[in-house]
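K.L.:
how does the following fold in three dimensions:
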Amino acid sequence: MTRALLVTKPGDRSVLEVRDVDVAPPGTGELQVRVAAVGVNFIDVYQRQGVYPMETPFVLCQEGAGTVEAVGPEVEGVAVGDRVAWAGPMGSAAEVANIPAAKAVPVPDGLDLDVAAAAMLQGMTAHYLVNSTWPVETGQIALVHAAAGGVGQLLVQLITGKGASVVATAGSDEKLAIAEQLGAAHLINYREFSGDALAEQVRKLAGRGVDVAYDGVGKATFDASLKSLRPRGMGVLFGGASGQVEPLDLQVLNRLGSLFVTRPTLVSYVADREELLWRADDILGQLADGRLKLQVGARFALDDAASAYEALEGRGTTGKLLLIP
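P.N.:
Numbering: from 1, shown residues only. Predicted structure coming up:
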């Protein structure tokens, strides 16, 4: 048996419940892991609410890190005692979890397991956004919404590390100070600007339209994101913290300058083992050697998971939130 965080039925945070559940020996191709830390993400909210339908009850969360306790049949290259991290396998919010070995990556020596857990989903998301969705180049200008959040902080660092500049938005001056410390060149408090005024402020600070807009906020900001772009720029919608974006009339892209728009998801950018290892090794390696910084905003016990999601959904957090089984 192991303690685990379950979604008992689709709904609000009240449907979360910690229960004892059976844990089987690891099956073919699986690792049994003693979970050290679990990442809290907006995809968990969508799954809990039923936006992404799931058969209930189910164990929540799909990101974590821990120590291998048992190895299933047909698993090579992993041994008991190895430290691993993952993003994607469901059922991570438990004291012990069975994880597909193909989804687990090694954690570098010197990197704490809670930092590895915090980095996997958001770190690889930031990695594909700046390296593959829109390969950022020296001299470009990128708009990053929610720049003090988990993905936002990593985006700012990766973009500036490529010689590009960042227009950062956040909901408070304190959050903007974090983005500035990480290298953002221009700062906008979106409590003071919204809609067309937000787009106008982006253009004013950037001196022109931005090359790419990275938008994980969604409904409240996406129209401004598109209006902030230069002709043939790209709007990248990778989340919906403020709600889902309404269907888009493609003629808008014509009128605003032959724009591109995409709605990517991580699973499409870790489609094979080689790509997964490239992204994970790059992000975890940069964290281990200090080239990247990652802020853990708060840690919560499994029994206090509702508070973690209240903080996440209220958009009052900075950095990454973790559950500690």
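
K.L.:
can you give me the buried ones in stretch 303-313?
P.N.:
By 16 or more other Cβ atoms under 10 Å, the buried positions in stretch 303-313 come out as 305-306, 308-309, 311-312. C-beta here means a position set from N, CA and C on the backbone, and glycine is covered the same way.

K.L.:
in CSV: those, plus pLDDT, distance to residue 26 and secondary structure.
P.N.:
CSV is the format used below for the buried residues of stretch 303-313 (pLDDT from 0 to 100; distance: Cβ to Cβ, whole Å; DSSP: H, G, I helix; E, B strand; the rest coil):
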residue, pLDDT, distance to residue 26, secondary structure
305, 97, 25, helix
306, 96, 30, helix
308, 96, 28, helix
309, 95, 29, helix
311, 91, 33, helix
312, 89, 30, helix
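
K.L.:
and which of those is nearest to residue 122?
P.N.:
Distance to residue 122 across the buried residues of stretch 303-313 (Cβ to Cβ) is lowest for residue 312, with 12.1 Å.

K.L.:
how near is the closest one to residue 27?
P.N.:
Distance, residue 312 to residue 27, using Cβ to Cβ, to the nearest Å: 32 Å.

K.L.:
what about the helices in the stretch 51-200 of the chain?
P.N.:
Counting by DSSP state H, counting those that start in this stretch, the segments of the stretch 51-200 of the chain that form helices are 113-128, 150-161, 173-181, 195-206.

K.L.:
residue 254: which of those helices is closest?
P.N.:
Per Cβ to Cβ, nearest to residue 254 of those: helix 195-206, 17.3 Å.

K.L.:
next helix or strand past the closest one?
P.N.:
strand 210-215 (DSSP states H and E).

K.L.:
distance between that next one and the chain's centre?
P.N.:
Relative to its parent chain, strand 210-215 has a centroid offset of 17 Å by Cα atoms, centre = their mean, to the nearest Å.

K.L.:
what comes into contact with it?
P.N.:
Residues from elsewhere that reach strand 210-215 (Cβ atoms under 8 Å, 6 or more residues apart in numbering): 129, 134, 136, 140-145, 155, 164, 167, 202, 221-222, 225-226, 228-230, 233-239.

K.L.:
let me know the angle separating it from helix 195-206.
P.N.:
Put simply, strand 210-215 runs at 130 degrees to helix 195-206, going by axes from the mean of the first three to the mean of the last three Cα atoms, to 10 degrees.

K.L.:
what lines up beside strand 210-215 in the sheet?
P.N.:
With DSSP bridges as the test, strand 210-215 is paired with strand 141-144 (parallel), strand 229-237 (parallel).

K.L.:
could those go into a markdown table alongside mean neighbour count and mean pLDDT?
P.N.:
Shown next, in a markdown table, are these (neighbours: other Cβ atoms under 10 Å; pLDDT from 0 to 100):
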| stretch | mean neighbour count | mean pLDDT |
| --- | --- | --- |
| strand 141-144 | 29 | 98 |
| strand 229-237 | 20 | 98 |
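
K.L.:
and residue 123, which of those is closest to it?
P.N.:
Distance to residue 123, taken as Cβ to Cβ, is lowest for strand 141-144 among the strands paired with strand 210-215, at 15.0 Å.

K.L.:
residues in contact with residue 296?
P.N.:
Counting by Cβ under 8 Å, 6+ apart, residue 296 touches 114-115, 118, 319-322.

K.L.:
try it again at 10 Å.
P.N.:
Neighbouring residues of residue 296 by Cβ atoms under 10 Å, 6 or more residues apart in numbering: 37, 112, 114-115, 117-119, 150, 318-322.

K.L.:
state the pLDDT value of it.
P.N.:
pLDDT, residue 296: 91.

K.L.:
for the residue nearest to residue 196 when sequence neighbours are not counted, phi and psi?
P.N.:
Excluding the flanking residues, the one nearest residue 196 by Cβ to Cβ, 6 or more residues apart in numbering is residue 227, at 6.6 Å. With angles defined as degrees, to the nearest 10, residue 227 sits at phi -70, psi -10.
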